Each structure stands twice: as C-alpha cells, then as structure tokens.
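Peer 1: prediction below, plus the sequence it came from.
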Amino acid sequence: MRRILMAVAATAAMSTALAACGADGSARGAGGDPSTPSSAQGETGTSGPLAWTTCKDIRRPGEQSPARPDSTFQCAKLKVPLDYAKPGAESLEIALIRVKATGPGQRIGSLVFNFGGPGASGVDTLAQAAKVFSTLNTRYDLVSFDPRGVERSSGIRCDGKEVMDRYTAMNSYASDEAEWATLEKTVDEFVNACQASSGKLLPYVGTVNAAQDMDRIREALGDQKLNYFGISYGTQLGAVYATKFPQNVGRFVLDAPLDPDISMRERTLVQSAGFQQAYDSFLKDCVEGPGGCEIGSDATVANKNVDKFIVDLKAKPLSVNGRQLTEGLANTGMAAALYSKLTWPLLEQGLSQAFKGDGRLLMALSDSYNGRMPNGSYNTLMSSFPAISCADTSERPTRDQVMQTQTEALKASPLFGSPGMGLICRVWPAPGSDEAKKVNAAGSAPIVVIGGTGDPATPYKWAPKLTAELKTGVLVTYKGEGHGAYLAGNPCVKKTTDGYLLDGKVPATDTTCTAS
C-alpha cells in the first residue's frame, strides 16, 4: 500500500518544499492594526502556564542526532486531558515550539501552524521552516506543536525497526490471492504492534481531540483569538477547530485543503488520479527539457521504462547497502519527489540510476518520507498517521470492499493505485468517529482557503468543496504545480496570504494566482 497516498503531507515533503521557497530570512514590517491583541509577555519567557526554555532535541532533516541548541527556538510543554470527557482524570503533555516576533511593527499575537500529516512533527518542522515565514514573524510569534500521538506528545510507536521495515517495504498493491495474504499478514503484524506499544492512547488521538488541544494552546499563549496557518492535513484540523470554536477563530489560512467529508474509497481514488496527473506532467517536463530526458526519449518510452522497472522490481527487489529496494519503497520514493516541481530532477536522476542497478537515491527519498533514520530507527509519522486517520472515521470496510477500491484505483492510476487506508482501518483495534468529517464554521471570521490546480496529494477539487462547507471560507486558486501554494514561493500567493494575516485584508472572491 502506498504510504504517499496515505500521508498527504509528511515532513520529508515539507522539507523539500521549504527549500523551494528560496527564503532569505529577511524581515520586513507591515502596517495595519492588530485584530487579535494578546496579553503581554514578560522577559522571563513565560506566557500563562507555559515555561519556555531553549529547545534541546530538534531533529535535523534526515538526521537522527539533534541540531545544536539555538536560543531562537523556545520549547514548552502543556498538560491537556487524555480524555476530554473526563477532564479531571489522566493527562498528557503537548510539546510546543515558539519563535518570538522579531519586529518592526506592533505584535499581533501568536500564529499557530500545523504542517500536515496527520503525524508530522510541528516542533521539528517549524525549526526547519521558520525563515520561510520570516515576514509573518515580524508581527507574530510563530508557534507549532506535536499533536497528541506524535513524537514528543506521547508519540505512538508500533514496535521496533524490523516491524516498521517490513511495513514500509510491503508492495503497493496485490495482484493475486497470495499477495493479498502477504499484505494482510504484514498489516496485521503492524497493527498488533501498535496495540501492544500504544494501545492505551489509540482511542484518544484524532482530529477532534487535537482541535480541543489547540484551544487549550490558544488560552495558554494568552491569545483571545486563534490565528492559524494549516497546510494539507492541517486544513482539516483547522476546519474542525473552526467548527467547534467559531467564536475563537482569528485570521485563518488553510493551504492545500482536504475535503474531510469523503469516504476512504473516494479519497484513495482522487489521490491516485492526482499523483498520476503529477507524474504525467513530470514526464512531459522531462522529455521537453533541455539536454534530453535520462529515462526515455519521449513520454511514452519513458513511461514504458518506468513500468518495466516497477514490474521487475516487484519480482526481484534491488540490493541497496544490505537492504532491499522493493516495489513499495521505490514507489514511495517516486511519489515523494512529485510533491514539488523542484524535486522532479531528483526523480529523473533516481530512476535513471535505478535502471542501471543503483537504487540509493530512490531508497533515500523513501526513507526520508517514511521517517527512517540513518541508524534504522523511525520517527512516529508512519505509526501516528494510521492511528489518527482511523480514529477520524467510523468506516471499517470489508475485505471485498478494500479489494474493489484497489481495482478502481489501479484504473485511475496503474502506477499509483492502491487499496488505500481501508486495508489498515478494517483491522484497526480502536473505534473511530465521523465527528471530524462534519465541518461548518458559521459565525467565524473569514477563513482563506488556498487550492493548487497541480497539487497531487490534495487535488484542487477539494478546495472549493471545503470552502463551501466552512460557510465562511474565501477561495484562492493557485494555478501551478506542487503540494502547498505558499511553499511554492509564488509571489501572488505570498502577497495575498501575508496581506490577510498581517493586515486583515480578506482576498477578493475567486482570487487567482498563476505560477510564473
């Protein structure tokens, strides 16, 4: 099963997109009166119950060892109820990170980020991404967090290296009964490991609980309103928050939106088609670019070469430094490179090398996406993603329904079709709820929704859908490639977004930005 179609915005894709922005880290002021004044903070670095200290365990992109402590980044922990139905019972701690406003200009308050997943670490990602948002940082404290079940916030772990290696390396789809049995055995092993290691937490993760945690974060930060920037899955989290707390919505931007109110089957089919569209665009760009395309003389030939490589790999994985590059790992690496147009050359290079027997680059792309560290350990992304995703739906499809989803998905994309999340959720040990699918923010401040026409992971059709569901949404269309419009570095998107967040300028209805 393709992880890339499950985790719609992982830290690896985020790191790639951040590099695409070309931010220089400069700060410039902006005028306008703040709409959501917050309580002043003292020189001690505390705000309410939060005790901010220099972060000591920030991970570097692709590295296991923590980055050198930097006083720019401050970390804190916030206690929240494990079960909001029993607020006086057990609690867990939410890990937060902050970059204080740099000025000039009057401080507006905090701007809280969720960069996607579900399951990506907001603490690590903000530390990597802060310079990209330097303009916003002039008047906002930039804040992010590891949602419950992620990394430092009681991160869900599903056993050790061996189980995770088998899970991430399994084939993307099954061609016959024997392959179905192998997929199901691998999933059962993974799910049982999740239950054994994190079973107590599994019923209490999910977007609804994370939204309630965000309101506790808002209170702890001392902000009257929550100003928020959500990307990919972060748009669903923001939409659920706005539904539960419309009166607390400040300036909200939802970039690369999900449509929360669709079935797992429909999401699998739409995303399969989205990645196929991005792959077709990659092939066209490759063969029309200067210097020729390393994987084929024209798009048809290149596609045939890739298809043959994948078929051969499924029959005989490629040896890479003592490991096996399976069809599943290669496919994850390929799809990961489709998140941003800037990484298309990496995909061309990785495929060209793999055709010649060198699968190191495809393996590196896959490992980065899957959260596999150089020592073989994993971060919590691939464990927390299914836990949160299955908690957010009551769907528990039958085996026949999962098989039918795969059949339809392979028609939408012979390369990227898969059984989807149903393969895991059908045997997930904790019950799910459909509450996170119900979105209606009537009564909130305007919410800016930005959708990209060439986004493979969150296809554009979901942007107008979420805008309508919110009732208070304002749609901005980005005509360009890649996952996440702001991170693509488009000047029009940046001007529109910054104008709203800094000055409260609500974009005109149906604002459109075109990639240069």
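Peer 2: That came through fine.
Peer 1: please identify the helix or strand for residue 240.
Peer 2: helix 233-244 (DSSP states H and E).
Peer 1: what are the contacting residues of the helix or strand following that helix?
Peer 2: Where DSSP H and E defines the elements, the next helix or strand beyond helix 233-244 is strand 249-255. Defining contact as C-beta atoms under 8 Å, 6 or more residues apart in numbering, one finds that strand 249-255 is touched by 35-36, 109, 223-232, 234-235, 238-239, 241-242, 441, 444-450, 466, 472-473, 484-487, 497, 500-501, 504. In this view, the C-beta of every residue, glycine as well, is placed from N, C-alpha and C.
Peer 1: partner strands of strand 249-255 and their direction?
Peer 2: Sheet pairing of strand 249-255 (DSSP bridges) gives strand 226-231 (parallel), strand 447-454 (parallel).
Peer 1: for residue 346, find the nearest of these.
Peer 2: Among these, strand 447-454 comes nearest to residue 346, with 17.6 Å by C-beta to C-beta.
Peer 1: now the angle between helix 233-244 and the closest one, please.
Peer 2: 150 degrees (axes from the mean of the first three to the mean of the last three C-alpha atoms, to 10 degrees).
Peer 1: tell me which of the strands paired with strand 249-255 lies nearest to residue 388.
Peer 2: When these are compared (using C-beta to C-beta), the closest one is strand 226-231, at 14.5 Å.
Peer 1: and the contacts of the closest one?
Peer 2: Applying C-beta under 8 Å, 6+ apart, the set of residues contacting strand 226-231 is 9, 14, 36, 108-116, 133, 136, 140, 214-215, 218, 236-238, 241, 245, 248-256, 484, 486-487, 501.
Peer 1: if we can go back for a sec, now mean pLDDT, distance to residue 413 and mean neighbour count too, for the strands paired with strand 249-255, in a markdown table please.
Peer 2: Below are those laid out as a markdown table (pLDDT from 0 to 100; distance: least, C-beta to C-beta, whole Å; neighbours: other C-beta atoms under 10 Å):
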| stretch | mean pLDDT | distance to residue 413 | mean neighbour count |
| --- | --- | --- | --- |
| strand 226-231 | 98 | 24 | 27 |
| strand 447-454 | 96 | 15 | 25 |
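Peer 1: I'd like these laid out as TSV, including distance to residue 73.
Peer 2: Converted to TSV, the strands paired with strand 249-255 look like this (distance: least, C-beta to C-beta, whole Å):
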stretch	distance to residue 73
strand 226-231	17
strand 447-454	27
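Peer 1: out of those strands, which comes closest to residue 207?
Peer 2: strand 226-231 (11.1 Å).
Peer 1: now find how far off-centre the closest one is within its chain.
Peer 2: What separates the centre of strand 226-231 from the centre of its chain is 14 Å, taken as C-alpha atoms, centre = their mean, to the nearest Å.
Peer 1: one more: stretch 160-175?
Peer 2: The answer for stretch 160-175 is 20 Å, by C-alpha atoms, centre = their mean.
Peer 1: same check, this time on stretch 206-222
Peer 2: The answer for stretch 206-222 is 19 Å, by C-alpha atoms, centre = their mean.
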